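Engineer: need a structure here:
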Amino acid sequence: MTTISVKHVAASLGGTRVLESVSLDVQEGEVLALVGPNGAGKSTLLAVLAGDLRPELGTVTIDGRDIRQLHQLELARLRSVLTQQNAVSFSFLVRQVVEMGRSPWERTPQADGDEAAIEDAMAATDVTGLDARHYTALSGGEKARVSLARVLAQQARTVLLDEPTASLDLRHQEDVMRNARELATAGAAVVVVLHDLSLAGAWADRVARLSEGRLVAQGPAREVLTAERVSEVYGLRVEIIEQQGRPVILPVRGTNSLTLKQ
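Structural biologist: Alright, predicted model coming up:
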């Protein structure tokens, strides 16, 4: 079932057109990875999916409703969002930051599950032992994991993650993507912006590849992340190896690693 649908969307930032005629459906029970080079429009598309950026052209619906007609509280109950700028300026305790994810459910029957949701989210992101520390005193990677815990605690049916693995070590990168997979298995729709193509290949059910603001390919990772297509978009020779039937993308280094685009 489709949770969010964008049709022929165009969007601009600072007067510059960043997305052009993008159409994409987000489905329950899948992990959808948005990939592409810097400036391709991935984060902008995620903001459109979240309802945080209104497109100039096209339509965006969530659960069949025009996203522009929904109040922020309604949106917060339908989708949770992890942005790249998850800054908390005040010195909240880690647990208090995670508790913020439950605020959309205040004074509703779902509030009865607050404690369990918070505990589960902190355990899933490996931050239980940080609960009494101040958020502002954490390392970048720890902050990223706490911010993800807040998003998981929200328990929305659609989860939108913008580069959630960017500041994490190898183990916690895998943990994040495993969490995404478990959410999808439980029926959620998960959209994740990734720069690491091998992570996208390993964990995503479907990959959407953007280039210069346009959606140029979407489908299973093995179809979208081919050596020819990746080399063309990134201007770098790559080779693809398979691990458990999933593509791993490696740059070709050495004398044959000349870029394809100058």
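
Engineer: Neighbours of the nearest residue to Val207 once chain neighbours are set aside, how many?
Structural biologist: Excluding its sequence neighbours, the residue lying closest to Val207 (Cβ to Cβ, 6 or more residues apart in numbering) is Val224, at 4.3 Å. Any C-beta I mention is one placed from the backbone N, CA and C, and that applies to glycine too. Val224 has 23 neighbours, counted by other Cβ atoms under 10 Å.

Engineer: For Val224, report the pLDDT, please.
Structural biologist: On pLDDT, Val224 comes in at 95.

Engineer: Give the full set of residues in contact with it.
Structural biologist: Val35, Val207, Ala208, Arg209, Ala217, Gln218 (Cβ atoms under 8 Å, 6 or more residues apart in numbering).

Engineer: How about the secondary structure of the third one?
Structural biologist: Applying DSSP: H, G, I helix; E, B strand; the rest coil to Ala208 yields a three-state assignment of strand.

Engineer: May I have the predicted confidence score for it?
Structural biologist: pLDDT, Ala208: 97.

Engineer: cool, and the fifth one?
Structural biologist: Predicted confidence (pLDDT) at Ala217: the value is 94.

Engineer: Okay, it and Ser12: tell me how far apart.
Structural biologist: Distance, Ala217 to Ser12, using Cβ to Cβ, to the nearest Å: 23 Å.

Engineer: what's the answer for the second one, then?
Structural biologist: Taking Cβ to Cβ as the measure, Val207 and Ser12 are separated by 25 Å.

Engineer: When the two are compared, which one has more neighbours?
Structural biologist: Shown here are Val207 and Ser12; by other Cβ under 10 Å, Val207 has more neighbours (24 against 16).

Engineer: Just the CA atoms of the least confident helix or strand in the chain by mean pLDDT, as PDB, please.
Structural biologist: Among the helices and strands of the chain, helix 227-234 carries the lowest confidence by mean pLDDT, DSSP states H and E, at a mean of 92. C-alpha atoms of helix 227-234 as PDB (Å, rounded to 0.1, in the frame of the first residue of the first chain):
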ATOM      1  CA  ALA A 227      28.700  -0.500 -12.900                       C
ATOM      2  CA  GLU A 228      27.800   1.300 -16.100                       C
ATOM      3  CA  ARG A 229      25.000   3.400 -14.500                       C
ATOM      4  CA  VAL A 230      27.000   4.300 -11.300                       C
ATOM      5  CA  SER A 231      30.100   5.200 -13.400                       C
ATOM      6  CA  GLU A 232      28.000   7.500 -15.700                       C
ATOM      7  CA  VAL A 233      26.400   9.400 -12.800                       C
ATOM      8  CA  TYR A 234      29.400   9.700 -10.500                       C
END
